[in-house]
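A.B. asks: turn this into a model:
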Amino acid sequence: MNKDKIISFSLILIIAFKVVDIYIDFKSEVSYIHLAQELTLVIISLGLFIYLMKDIFTRSEQTKYLLRQLHSSQVQQKMLSEQLQSSKHSFFDAINAQFATWKLTDAENDIALFLLKGLTTSEIALLMKKSEKTVRNQASSVYKKVQVSGRHELAAIFFEFLDDDYQQ
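C.D. replies: Purely as a prediction, here's the structure:
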């Protein structure tokens, strides 16, 4: 924007000096060809100045429009983020409510949640600082209480919840 101001100011100075020069030349009775050349330069400079001012105005309006769009997008993104957080909390509340219905212990809750997240028994054992055998036993206990044969069926139960919510 600074260069626009410098160019605008320069064009105004050129126009002003040329107008003064034309006036002095006219008073000094310089040839009409010379006056026509200088007048042509004034007209070209004035045209460039007007073009520059329109361009500055257009870019300014575009910038304002883009800033409004950016603000609107930021508001929408924040709203979507809040909705996502709310949905995430609701989903985990539903998972925990279902775990309570199945009467899972705290350890089984943790194991079941890690299984739903897709962790392997060795990864779960590492995170929980338990042996893999303990984790497998607790996972088996979860599957038995839920009446499923494995992690895929366990996850499918919750995907069905999501599918039911989606179709409503």
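
A.B. asks: what pLDDT does residue 114 get?
C.D. replies: We have a pLDDT of 95 for residue 114.

A.B. asks: same question for residue 7.
C.D. replies: 88.

A.B. asks: next helix or strand past the helix or strand hosting it?
C.D. replies: Assessed by DSSP states H and E, residue 7 sits inside helix 2-27. For helix 2-27, the succeeding helix or strand toward the C-terminus, using DSSP H and E, is helix 32-101.

A.B. asks: next, the angle helix 2-27 makes with that following helix.
C.D. replies: 160 degrees (axes from the mean of the first three to the mean of the last three CA atoms, to 10 degrees).

A.B. asks: and helix 32-101, how far from the chain's centre?
C.D. replies: Centre-to-centre, helix 32-101 and its host chain are 13 Å apart (CA atoms, centre = their mean, to the nearest Å).

A.B. asks: could you point out which element follows that helix?
C.D. replies: helix 106-116.

A.B. asks: picking up where we left off before, and the helix holding residue 7, what's buried?
C.D. replies: Residues of helix 2-27 classed as buried: 11, 14-15, 18, 21-22, 25 (neighbour count, 16 or more other CB atoms under 10 Å). In short, each C-beta sits where N, CA and C put it, glycine included.

A.B. asks: same question, stretch 141-151
C.D. replies: 141-143, 145-146, 151.

A.B. asks: for the protein, give me the ranges with low pLDDT.
C.D. replies: Applying pLDDT under 70 to the chain flags residues 1, 161-168.

A.B. asks: repeat that for 50
C.D. replies: Counting by pLDDT under 50, the ranges of the chain that qualify are 166, 168.

A.B. asks: gap between the residue lying farthest from the centre of the chain and residue 114?
C.D. replies: In the chain, counting by CA atoms, centre = their mean, residue 29 sits farthest out from the average C-alpha position, at 66.2 Å. Here the criterion is CB to CB, to the nearest Å. By it, residue 29 lies 98 Å from residue 114.

A.B. asks: just residue 107 next, same as before
C.D. replies: From residue 107 to residue 114 the distance is 11 Å (CB to CB).

A.B. asks: which one of the two is surrounded by more residues?
C.D. replies: Each of residue 107 and residue 114 has its neighbours counted (other CB atoms under 10 Å); residue 114 has more, 20 against 15.

A.B. asks: isn't the more buried one right up against residue 127?
C.D. replies: Yes: assessed by CB atoms under 8 Å, residue 114 is found in contact with residue 127 at 7.0 Å.

A.B. asks: sweet, I'm off.
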